[in-house]
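Colleague: Fold the following for me, if possible:
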Amino acid sequence: MVARVRLQHLFLSLVLALLCPFSAGAAEVENLYRAVVPVEDHSARQLSRATRRGLAQVLVKVSGSREVLRDPEVSEALDRAQSYMQQYQYRRPQRNTLELEVQFDQQLVTEVLTQALLPLWSANRPPVLVWLVVDDATGRNFAANDSYLELLAVIRAEFQRRGVPVEFPLYDLQDTLAVTVHDLWQLNSLPIVRASRRYHNEDVLVGRLRALSDQRWMGDWLYLWENESRSITEYGEPLDDFVSSGVHLAAEAMAARYAVAPTGTAGDGILVRVDGLHRYADYRASLDHLEAVQLVDAAVVEYAGGDTVVFRVNAQLQPEQLQRVIALKGKLRRLLQFEPLDATLPAAELVYRWSP
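Modeller: Below is the predicted model:
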């Protein structure tokens with residue numbers, strides 16, 4: 001395998017202008033603490049091996065990064081993987097295959113990462129928009145659903161394994177007028193970004209793939225986000241490994257932004273002001289919203305007046321980390337301009353308006 005990773009900064013103002021209007025949406029990822037692992041039989045040895053692999057898969061999904069598997073405390077947890085299981089079952093997706101489906105205990109898995117001060121990525125995650133062009137016996141084509149079902153299924157499965165939502169373009173007339181097969185093959189950022197605006201995704205992954213004669217693949221993956229791009233080149237890989245490299249490229253970059261590591265101490269708490277709470281139901285919902293954030297221990301009312309409540313949020317996070325996680329949950333809109341409260345009251349570090 002020949003792999004080359006490059007990190008570039010796109011300083012072209014036009015790219016920035018096109019990317020900035022995106023309004024990032026986030027999807028609630030399900031089954032973060034569940035893993036499915038192939039096994040050979042029902043033996044205790046196979047169960048032990050599969051449970052270890054399953055826990056590793058879950059720890060990568062929950063943290064967002066494969067790097068956590070290098071941590072000594074995580075290695076110790078993997079040696080005791082069966083103690084983290086809640087339940088498991090065997091299943092046969094096809095006649096001659098056997099899989100183990102394992103559900104791990106959410107609290108215990110979270111404790112492994114927090115005690116090691118490793119990052120956690122909220123279940124609210126933005127989807128990746130994946131553009132693909134394939135060079136095969138029929139020529140160079142958009143990888144649309146009707147012609148490349150196997151390839152798209154492999155990509156969906158790999159994103160699911162990493163706990164990242166994925167979307168594909170429609171490749172309809174509007175798309176093909178905005179970006180051509182040639183643009184994708186040349187990894188031409190400007191038309192790709194322009195075409196991506198339609199889907200309101202901040203995270204874009206572009207693949208140019210060439211099928212080789214021995215069921216292997218070569219090509220490039222390009223990941224775009226705001227003023228950053230990352231790319232990787234692969235040669236001679238089986239399809240699963242080729243796809244895994246592209247998904248890994250996107251997932252690691254996203255986790256670096258969105259996953260947060262605990263600071264190890266809650267300190268005196270972070271003051272978070274929320275405007276627009278007109279009813280008790282709004283107050284209750286905003287409180288539940290804050291307390292549902294990972295690494296938030298509790299939120300208590302510091303001040304209430306009119307339609308404004310100031311919460312003291314006790315969290316194992318710094319204010320900027322808390323702000324990044326809240327941004328993904330969607331119902332609190334951050335205010336950069338606002339009327340100050342009474343001068344005798346402590347100033348809030350983060351100010352939001354409730355948008356149910």
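Colleague: Near the closest residue to residue 144 other than its chain neighbours, how many other residues are there?
Modeller: Spatially, and ignoring its direct neighbours in sequence, residue 144 is nearest to residue 171 (4.5 Å; CB to CB, 6 or more residues apart in numbering). All C-beta atoms are positioned from the backbone trio N, CA, C, and that covers glycine. By the measure other CB atoms under 10 Å, the count of residues near residue 171 is 19.
Colleague: Do I have it right that residue 171 meets residue 142?
Modeller: Yes - assessed by CB atoms under 8 Å, residue 171 is found in contact with residue 142 at 4.5 Å.
Colleague: can you tell me which residues contact residue 137?
Modeller: residue 211 (CB atoms under 8 Å, 6 or more residues apart in numbering).
Colleague: measure residue 268 to residue 315 for me?
Modeller: Computed with CB to CB, to the nearest Å, the distance linking residue 268 and residue 315 is 11 Å.
Colleague: brain fart, residue 349
Modeller: Using CB to CB, residue 349 is found at 11 Å from residue 315.
Colleague: now do residue 174
Modeller: Note on residue 174: its distance to residue 315, by CB to CB, is 43 Å.
Colleague: Same check on residue 354?
Modeller: From residue 354 over to residue 315 the distance is 19 Å, taken as CB to CB.
Colleague: re earlier: give me the phi and psi for the residue nearest to residue 144.
Modeller: With angles defined as degrees, to the nearest 10, residue 171 sits at phi 50, psi 40.
Colleague: For it, give its distance to residue 145.
Modeller: From residue 171 across to residue 145, the span is 8 Å (CB to CB).
Colleague: and if you look at residue 351?
Modeller: Per CB to CB, residue 351 is found 44 Å from residue 145.
Colleague: which of these two has more neighbours?
Modeller: Set residue 351 next to residue 145 and count neighbours by other CB under 10 Å: residue 351 wins out with 23 against 10.
Colleague: and that one, bridged to which residues?
Modeller: residue 273 (DSSP bridges).
Colleague: Tell me who's in contact with it.
Modeller: By CB under 8 Å, 6+ apart, the contact list for residue 351 reads 272-273, 275, 334-335, 338.
Colleague: Same question for residue 60.
Modeller: Listed by CB under 8 Å, 6+ apart, the contact set of residue 60 reads 66, 68-69, 162.
Colleague: Sketch out the low-pLDDT regions of the stretch 151-300 of the chain for me.
Modeller: Within the stretch 151-300 of the chain, the stretches with pLDDT under 70 are 264-267.
Colleague: Whatever helix or strand residue 175 lives in - contacts with which helices or strands?
Modeller: With elements taken from DSSP states H and E, the one containing residue 175 is helix 173-178. Based on contacts counted as 3 or more CB pairs under 8 Å, 6 or more residues apart in numbering; DSSP states H and E, the elements that helix 173-178 packs against are helix 189-196.
Colleague: what residues does the next helix or strand after the helix it packs on touch?
Modeller: Note on helix 189-196: by DSSP H and E, the next helix or strand toward the C-terminus is strand 203-211. By CB under 8 Å, 6+ apart, the residues outside strand 203-211 that reach it are 126-137, 143, 151, 184-185, 187, 192-193, 196, 217-225, 242, 246-247, 249-250, 253-254.
Colleague: still on that earlier bit, anything in contact with each of residue 349 and residue 315?
Modeller: Common neighbours of residue 349 and residue 315, using CB under 8 Å, 6+ apart, are residue 270.
Colleague: And these two? Which one has more around it.
Modeller: Neighbours were counted for residue 349 and for residue 315 using other CB under 10 Å; residue 315 has more, 27 against 16.
Colleague: buried subset of the contacts of strand 203-211?
Modeller: Using 16 or more other CB atoms under 10 Å as the burial test, the contacts of strand 203-211 include 126-135, 143, 151, 184-185, 187, 192-193, 196, 217-225, 242, 246-247, 249-250, 253-254 as buried.
Colleague: Select from the contacts of residue 60 the one having the most neighbours.
Modeller: Result: residue 162 is most packed of those (other CB under 10 Å), 24 neighbours.
Colleague: Grab the nearest non-local neighbour of that residue.
Modeller: That would be residue 251: by CB to CB, 6+ apart, it lies 4.4 Å from residue 162.
Colleague: Same question for residue 180.
Modeller: residue 191 (7.3 Å).
Colleague: Likewise for residue 315?
Modeller: residue 296 (4.4 Å).
Colleague: residues contacting that neighbour?
Modeller: 290, 313-315, 317, 322 are the contacts of residue 296 under CB under 8 Å, 6+ apart.
Colleague: gap between it and residue 119?
Modeller: Separation of residue 296 from residue 119 (CB to CB): 15 Å.
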